[in-house]
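Novice: coords below, sequence missing:
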């Protein structure tokens, strides 16, 4: 089955930094599903299939879909012979809470620290859109928002505490093997890694060691990914 | 199968407030498993089975166990004909992360706001132990720690945001029916409700409506529970 995903790209089209797209790239890598990624920019809404406005947008033989969580559920259903990463219906419901946690508490703690670095990595046509929309959201310049990030490192580490506790029980959030929970938490780290030198983790942190395992997972697809920095 | 659980009690032995014990009371209620609870106090370590030091301690025909998460896994395995609340092995791994989130971010945001109320609800012999151990942990008097809690309501609401997002998809964190994820998040609310009038939730909050559903779940066992206030 041919699968194509519109994947947010920087000025360098090889740099892919969307955490929502990284959820799907890692899910496919863990499941061994071939995924063709198409570089896409914020200002290229017209290139997406009709009715779709954001990435990831997955194009498959039966149509297209855009919500990363729904795409993961669909992949799990469509490829039952690949390694399970979500579990049964109850497991999927619980993953929704985990997804919300990574968005509301992990990505939310990270975003201020890299928002100017994201802008720096974008193509010129995207930079204007990004600056205007994000400065409106934050009510301040990107420079002001990102400034002083070293003082916010501890807040990021605190936000990660649930994962640190869960990792006492096994090498991955999914247990012995990485699951979609690992993809969900790893995605914001790939978002940061792709466009920034900011790193809130110390090498002694269990999350650091877990992130190394995820960088090496599925043949090291994440470690090999292009970086703008 | 006869199951007995040592369950932390207040001065009024009917008041049971341990969030870890509430995880198991709700799990058994949702699964329709009869559970006999034995009121236990902080200063009654000698009453627990040998080798056990904290509650919940579950006593079953094959022995005893004390970690609430392990007890829930055991119940799921031992009673396969009751409603599943954990899911498969992947689901259990993911629930560990959810358990850690409720501890590190939800209970942690709540505890300062009710710690003096807990003390007030305890039997005299427990009060001395509790005050000494908690004041050492916080480095301040219980009165000082709890003071000003109205100013900390917003932090509690923010900590709950992942659940608020997940509840957009269904009435319970488990989906259409409550699961152990619901027990994990509901437990700290029962902890607070049992011993305090503090409530960080507004009636317009989706978490408030979810909490009402959990109070009514399984015949309303939680709503009927004794309160010290």
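Specialist: Perfect, thanks for sending it. Small disclaimer: the values here were computed from a predicted structure and weren't measured. Numbers count the residues shown, from 1 in each chain, chains lettered A, B, ... in the order given.
Novice: when you work out contacts or count neighbours from here on, use the C-alpha atoms and nothing else.
Specialist: Noted.
Novice: residue numbers of chain A in contact with chain B?
Specialist: A:85-98, A:100-101, A:103-105, A:161-163, A:165-166, A:173-175, A:179, A:181 (CA under 8 Å from any CA of the partner chain).
Novice: so which of those residues are in helices?
Specialist: The helices, defined by DSSP state H, take in A:89-98, A:100-101, A:161-163, A:165-166, A:181 from those.
Novice: and residue A:203, how many neighbours?
Specialist: Per other CA atoms under 10 Å in any protein chain shown, the neighbour tally for residue A:203 reads 9.
Novice: quick one on the thing from earlier: any chance of a ChimeraX selection covering the buried ones in the ones in helices among the residues of chain A next to chain B?
Specialist: Remark: buried members of those, expressed as a ChimeraX selection using 16 or more other CA atoms under 10 Å in any protein chain shown:
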select /A:90,91,92,93,94,95,96,97,98,100,101,161,162,163,165,166,181
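Novice: for chain A, what spans make up the strands?
Specialist: A:4-8, A:36-40, A:57-60, A:63-65 (DSSP state E).
Novice: tell me the mean pLDDT over the third one?
Specialist: For strand A:57-60, mean pLDDT rounds to 98.
Novice: and it, what does it pack onto?
Specialist: strand A:4-8, strand A:63-65 (3 or more CA pairs under 8 Å, 6 or more residues apart in numbering or on different chains; DSSP states H and E).
Novice: now do the buried residues in the last one.
Specialist: By that I understand strand A:63-65. In strand A:63-65, counting by 16+ other CA under 10 Å, buried: A:64-65.
Novice: that one pairs with which strands?
Specialist: Strand pairing for strand A:63-65, using DSSP bridges, gives strand A:57-60 (antiparallel).
Novice: run through who's touching the partner strand.
Specialist: A:1-7, A:48, A:64-67, A:71 (CA atoms under 8 Å, 6 or more residues apart in numbering or on different chains).
Novice: can you tell me which of these has the largest number of neighbours?
Specialist: Going by other CA under 10 Å, residue A:7 tops the contacts of strand A:57-60 with 27 neighbours.
Novice: that one touches residue A:40, doesn't it?
Specialist: Yes: between residue A:7 and residue A:40 a contact is recorded at 5.5 Å, counting by CA atoms under 8 Å.
Novice: list the single closest residue to the most centrally placed residue in chain A in space, sequence neighbours excluded.
Specialist: Centroid check for chain A by CA atoms, centre = their mean gives residue A:19 as the closest residue, at 2.0 Å. Of all residues not flanking residue A:19 in the chain, residue A:187 sits nearest, at 4.6 Å (CA to CA, 6 or more residues apart in numbering or on different chains).
Novice: now do the helices in chain A.
Specialist: Counting by DSSP H, the helices of chain A are A:19-31, A:68-78, A:89-101, A:108-111, A:115-121, A:124-138, A:142-146, A:153-159, A:161-166, A:180-195, A:206-220.
Novice: any chance of those in TSV, plus mean pLDDT?
Specialist: Formatted as TSV, the helices of chain A follow (pLDDT from 0 to 100):
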stretch	mean pLDDT
helix A:19-31	98
helix A:68-78	98
helix A:89-101	97
helix A:108-111	97
helix A:115-121	98
helix A:124-138	97
helix A:142-146	98
helix A:153-159	97
helix A:161-166	98
helix A:180-195	98
helix A:206-220	98
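Novice: make JSON lines from the ones you listed and add distance to residue B:203 to it.
Specialist: Conversion of the helices of chain A to JSON lines gives the following (distance: least, CA to CA, whole Å):
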{"stretch": "helix A:19-31", "distance to residue B:203": "32"}
{"stretch": "helix A:68-78", "distance to residue B:203": "29"}
{"stretch": "helix A:89-101", "distance to residue B:203": "21"}
{"stretch": "helix A:108-111", "distance to residue B:203": "26"}
{"stretch": "helix A:115-121", "distance to residue B:203": "35"}
{"stretch": "helix A:124-138", "distance to residue B:203": "28"}
{"stretch": "helix A:142-146", "distance to residue B:203": "34"}
{"stretch": "helix A:153-159", "distance to residue B:203": "27"}
{"stretch": "helix A:161-166", "distance to residue B:203": "28"}
{"stretch": "helix A:180-195", "distance to residue B:203": "31"}
{"stretch": "helix A:206-220", "distance to residue B:203": "37"}
